[in-house]
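Peer 1: Next one to model:
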Amino acid sequence: MQRQEFSGEKQVRGAGSGEKPRHSLSSKLLLLTILFVMIAEVLIFVPSVANTRLRWLEDRLRTAAAASIVIEGWENMDLPRPIQDDALMATGTKSIALKTGGMSRLIASSDMPAEVDQQYDLAETGPLTAIGDAFATLFSGEDRIIRVYGPVSGTDMVIDVVMEEAPLRRAMLIYGRNVLALSLIISFMTAGLVFVAINTMMIRPIRRMTASMEAFSREPDNPARIIQPSRSGDELGIAEKHLAGMQETLQQTLKEQQHLANLGLAVSKINHDMRNILASAQLISDRLTEVDDPVVKRFSPKLLRAIDRAVSYTRDVLDYGRAREADPNKRLVRLDMLVSDVRDLLIIDPEIAGDKAHDDSVAVEFVNDVENGFEIVADSEQLFRVVHNICRNALEALKASNSSDPSVIRRITVSASREGCNAIIDIDDTGPGMPAKALENLFKAFHGSARAGGTGLGLAISDELVRAHGGAIRLVDKPEPGTLFRITLPDQPVGGASHLSAAPGGAAGKADLSP
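Peer 2: Okay, the predicted model is just below:
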């Protein structure tokens with residue numbers, strides 16, 4: 001395993017070292033272009049060399065036919081030897097015969113071989129046969145004697161000649177050499193033009209993107225390493241734009257991660273002193289239970305629970321910054337009592353008529369619309385944090401409202417219901433609603449805050465806790481002004497809580513009445 005990891009590290013270092021590849025795309029492109037052009041030339045050469053052979057033979061037949069027609073007027077007379085030699089030398093043949101009306105006449109002959117090696121009828125030669133005959137001439141035509149015959153154009157005569165194939169082979173080899181030289185010139189010119197064009201349009205932008213990725217991998221936190229997209233609208237231009245977007249997103253993510261790391265370090269320092277302060281407050285609060293005052297006796301248990309929760313949060317806060325929230329310890333919880341504790345912790349006095357509280361000139365109404373005795377399967381502390389975070393955001397939004405009209409209703413309503421095996425918790429307020437910027441990153445830490453100075457951690461924490469319960473939290477559209485968050489948690493039907501762990505004291509499924 002160590003050897004594999006070292007090999008992988010070596011590859012990564014090599015990729016970002018700036019070394020040029022041994023076989024670049026441009027060199028491969030150049031070689032492939034030359035190869036493909038040569039293949040195309042070969043495909044053209046095969047039929048063209050066969051056509052050259054046929055033209056060469058037809059020229060010999062036409063020359064022989066012209067001489068034969070002139071000599072044909074010498075009927076029943078043998079041509080003098082010098083005239084026959086001149087005709088044979090002019091046509092490059094060993095014999096010339098002319099066929100007319102079924103009659104054949106030998107016009108001239110010299111050194112006639114005993115037999116010929118191959119016969120060719122030019123009137124009956126097809127394309128494939130011509131190609132095969134051409135290759136036969138190239139590979140075997142050095143010492144062969146061939147007989148060639150065909151019709152004379154415009155007449156019913158047929159000219160028949162016997163010749164050596166070597167001159168034809170030499171002419172075909174010269175043609176092939178010329179074609180090869182021309183093909184090489186065309187190949188290199190075409191390859192050069194294609195190379196220049198593709199190197200300008202493709203290779204350079206690809207090298208630019210590669211260099212940008214290498215530079216960005218070395219300094220991902222440097223904004224100067226983000227590629228500047230070109231104005232090109234082709235695929236490579238689009239790729240550059242997407243690469244720039246990915247680099248910007250990655251750089252922003254790295255900044256956020258660094259911010260979270262710094263935040264975790266700061267929290268760890270604050271947490272140490274916070275626990276000491278809360279421990280002192282806890283000791284002082286314990287003494288309040290001995291004070292013989294009805295108001296103190298009524299609020300001291302709530303104060304003690306609030307301090308206990310704060311002490312518990314100081315133990316868990318580093319776990320949140322370091323990794324994730326603890327798995328929920330699900331029990332039966334009285335949701336109506338949990339919501340009442342949330343209301344009390346938000347300093348909304350239930351003794352005021354209509355459940356209204358006054359903070360300076362702002363009155364906020366908190367309505368606990370959860371049915372008395374409504375039970376839900378959840379981790380009481382985590383569910384308390386979810387409801388408290390959302391209600392606290394609603395309270396701050398209502399207090400921050402610019403309207404000073406006392407007739408404006410500022411209300412937070414918490415209700416609950418069941419749908420099948422799910423428990424539904426609705427937290428509704430009559431505030432100004434969520435701004436569009438917050439909606440885009442609603443449950444994202446440091447992005448989902450709806451007010452100035454907010455961190456957006458409340459909704460992010462709430463979303464994480466609800467998902468840990470196997471549920472979901474979402475923002476629900478409603479016709480009236482305000483914000484409505486709906487929490488859906490998987491819940492057991494009535495009478496189906498036997499799976500729960502036993503409460504302290506040994507009773508399975510015992511309700512937790514003090515969240």
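Peer 1: Show me the domain layout of the protein.
Peer 2: Per automatic domain parsing, the structural domains of the chain span 25-189, 223-323, 329-400+407-494+505-515.
Peer 1: Tell me which of those sits most buried.
Peer 2: Here the criterion is mean neighbour count by mean count of other CB atoms under 10 Å, and of those the winner is domain 329-400+407-494+505-515, at a mean of 17. Bear in mind the C-beta positions are built from the backbone N, C-alpha and C, glycine included.
Peer 1: helix/strand/coil for Asp221?
Peer 2: Following DSSP: H, G, I helix; E, B strand; the rest coil, the label given to Asp221 is coil.
Peer 1: rewinding a little: any idea which of the domains of the chain scores lowest on pLDDT?
Peer 2: Ranked by mean pLDDT, those end with domain 223-323 at the bottom, a mean of 72.
Peer 1: What ranges does the protein have for its strands?
Peer 2: Assigned strands in the chain, in chain order: 95-100, 103-109, 118-121, 145-151, 158-164, 331-334, 356-359, 362-368, 375-378, 411-419, 422-429, 472-476, 483-490 (criterion: DSSP state E).
Peer 1: Mind listing the strands the second one pairs with, and their directions?
Peer 2: The sheet places strand 103-109 alongside strand 95-100 (antiparallel), with pairing taken from DSSP bridges.
Peer 1: what angle do the strand it pairs with and strand 158-164 make?
Peer 2: Comparing the axes of strand 95-100 and strand 158-164 via axes from the mean of the first three to the mean of the last three CA atoms, to 10 degrees yields an angle of 170 degrees.
Peer 1: before we move on, back to that, how about the domains of the chain, which one is nearest Ala197?
Peer 2: Nearest to Ala197 among these is domain 25-189 (10.3 Å), distances taken as CB to CB.
Peer 1: Spatially nearest residue to Arg53 (excluding sequence neighbours)?
Peer 2: Ala134 (4.7 Å; CB to CB, 6 or more residues apart in numbering).
Peer 1: ok, Ile307 to Ile412 distance?
Peer 2: Ile307 sits 24 Å away from Ile412 when distances are taken as CB to CB, to the nearest Å.
Peer 1: just to revisit the earlier point, pretty sure the residue nearest to Arg53 sits against Tyr175.
Peer 2: No. Using CB atoms under 8 Å, Ala134 is not in contact with Tyr175; the gap is 10.3 Å.
Peer 1: shared neighbours of those two, which are they?
Peer 2: Taking CB atoms under 8 Å, 6 or more residues apart in numbering as the criterion, Ala134 and Tyr175 both touch Val49, Thr52.
Peer 1: Show the end-to-end separation of stretch 370-388, please.
Peer 2: Stretch 370-388 stretches 15 Å from its first residue to its last (CA to CA, to the nearest Å).
Peer 1: how far does it sit from the chain's center?
Peer 2: In terms of CA atoms, centre = their mean, to the nearest Å, the centre of stretch 370-388 is set 43 Å apart from its chain centre.
Peer 1: any chance of the domains of the chain in CSV, with distance to Ser212 too?
Peer 2: As requested, these are arranged in CSV below (distance: least, CB to CB, whole Å):
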stretch, distance to Ser212
domain 25-189, 17
domain 223-323, 4
domain 329-400+407-494+505-515, 27
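Peer 1: Out of the ones you listed, which is closest to Arg207?
Peer 2: Each of these was scored for nearness to Arg207 using CB to CB, and the closest is domain 25-189 (8.6 Å).
Peer 1: can the strands of the chain go into JSON lines with extra columns for distance to Ala397?
Peer 2: As requested, the strands of the chain are arranged in JSON lines below (distance: least, CB to CB, whole Å):
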{"stretch": "strand 95-100", "distance to Ala397": "113"}
{"stretch": "strand 103-109", "distance to Ala397": "116"}
{"stretch": "strand 118-121", "distance to Ala397": "101"}
{"stretch": "strand 145-151", "distance to Ala397": "103"}
{"stretch": "strand 158-164", "distance to Ala397": "107"}
{"stretch": "strand 331-334", "distance to Ala397": "27"}
{"stretch": "strand 356-359", "distance to Ala397": "13"}
{"stretch": "strand 362-368", "distance to Ala397": "10"}
{"stretch": "strand 375-378", "distance to Ala397": "25"}
{"stretch": "strand 411-419", "distance to Ala397": "10"}
{"stretch": "strand 422-429", "distance to Ala397": "7"}
{"stretch": "strand 472-476", "distance to Ala397": "13"}
{"stretch": "strand 483-490", "distance to Ala397": "7"}
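Peer 1: Among those, which comes closest to Ala87?
Peer 2: Across those, closest to Ala87 is strand 103-109 (CB to CB), at 4.7 Å.
Peer 1: quick one on the thing from earlier: can you give me the distance of the residue nearest to Arg53 to Val148?
Peer 2: Between Ala134 and Val148 the computed distance is 14 Å (CB to CB).
Peer 1: before we move on, the earlier item: for Met201, which of the domains of the chain is the nearest?
Peer 2: Between Met201 and the domains of the chain, the tightest spacing by CB to CB is seen for domain 223-323, at 7.7 Å.
Peer 1: which residues in the stretch 401-515 of the chain form helices?
Peer 2: 436-440, 457-468 (DSSP state H, counting those that start in this stretch).
Peer 1: same thing with the stretch 251-400 of the chain?
Peer 2: Ranges of helices in the stretch 251-400 of the chain, per DSSP H, counting those that start in this stretch, are 294-322, 335-345, 380-399.
Peer 1: So which of the ones you listed is nearest Val367?
Peer 2: When these are compared by CB to CB, helix 335-345 sits nearest Val367, at 9.2 Å.
Peer 1: Which residues does the closest one contact?
Peer 2: Residues contacting helix 335-345 (CB under 8 Å, 6+ apart): 302, 305-306, 350, 355, 366, 368, 370-376, 380, 383-384, 387-388, 391, 414, 416, 423, 425, 513-515.
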